[in-house]
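when you get a sec, could you give me coordinates for this:
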Amino acid sequence: MAEVKQDYGTLGGSSMYKLIQRAFPGWFKFNSVYVMQPMYTPKMNAQIVKELGTASSFSLDPPAPPKRMTILNTHAAISALLADNSSFKVRYGESLPDLIFADFMLSGDNTANAQNHILTRKVLMGCPAGMPVFEAWFETMTRKILAREAYKLKDVYQVDITKE
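Numbering: from 1, shown residues only. Next up, the predicted model:
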């Protein structure tokens with residue numbers, strides 16, 4: 001019931017967008033008024049968000065076919081992609097602008113992000129035991145979190161990664 005319940009915080013209570021986005025994955029931007037208010041014309045949608053004062057929060061771009069997926073399966077191709085932040089942007093950046101810290105180490109494509117990558121690598125690799133210590137800490141923390149969060153369902157341990 002919660003899935004189809006109206007949410008008045010979402011452009012007047014529309015919940016049809018959930019069905020449309022599931023039926024046509026990737027065709028609409030996350031904040032498209034075409035999907036948020038599908039029963040109105042684009043012109044009317046523009047007028048509605050302008051009157052509500054929320055025009056900057058929504059995209060008026062029309063739907064478009066999803067981008068074709070390219071699978072990279074070589075180390076060289078993956079390294080080239082990760083090194084080219086002018087052509088290949090952080091994918092979630094546009095959808096979650098308020099939930100990420102733009103200059104935090106791994107959350108963006110800015111100069112500050114590249115500098116944080118270089119500094120972190122220098123610190124970890126510059127210390128003779130840096131990477132082994134970091135790897136041991138990461139493994140220990142991962143095991144602790146999994147032990148705390150895992151639950152057994154039938155004969156398989158599972159973790160709800162969407163819970164939080």
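
all the helices of the protein, residue numbers only.
Ranges of helices within the chain are 16-23, 33-36, 42-52, 75-83, 111-126, 130-149, based on DSSP state H.

in the third one, what counts as buried?
Just to be clear, that refers to helix 42-52. Of the residues in helix 42-52, 45, 48-49 count as buried by neighbour count, 16 or more other Cβ atoms under 10 Å. C-beta here means a position set from N, CA and C on the backbone, and glycine is covered the same way.

who's in contact with stretch 141-160?
Lys163 (Cβ atoms under 8 Å, 6 or more residues apart in numbering).

can I get it in CSV, CA atoms only?
In CSV, the C-alpha atoms belonging to stretch 141-160 read as follows (Å, rounded to 0.1, in the frame of the first residue of the first chain):
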residue,chain,number,x,y,z
MET,A,141,35.4,-3.5,9.6
THR,A,142,33.6,-5.3,6.7
ARG,A,143,33.5,-8.5,8.7
LYS,A,144,32.2,-6.7,11.8
ILE,A,145,29.5,-4.9,9.8
LEU,A,146,28.4,-8.1,8.0
ALA,A,147,28.3,-10.1,11.3
ARG,A,148,26.2,-7.4,12.9
GLU,A,149,23.8,-6.9,9.9
ALA,A,150,23.5,-10.4,8.4
TYR,A,151,20.5,-12.6,9.1
LYS,A,152,19.8,-16.2,8.1
LEU,A,153,17.0,-16.9,5.8
LYS,A,154,16.5,-20.6,5.2
ASP,A,155,20.1,-21.8,4.8
VAL,A,156,21.6,-18.6,3.4
TYR,A,157,23.0,-15.5,5.2
GLN,A,158,21.7,-12.2,3.7
VAL,A,159,22.2,-8.5,4.3
ASP,A,160,19.7,-5.9,3.5
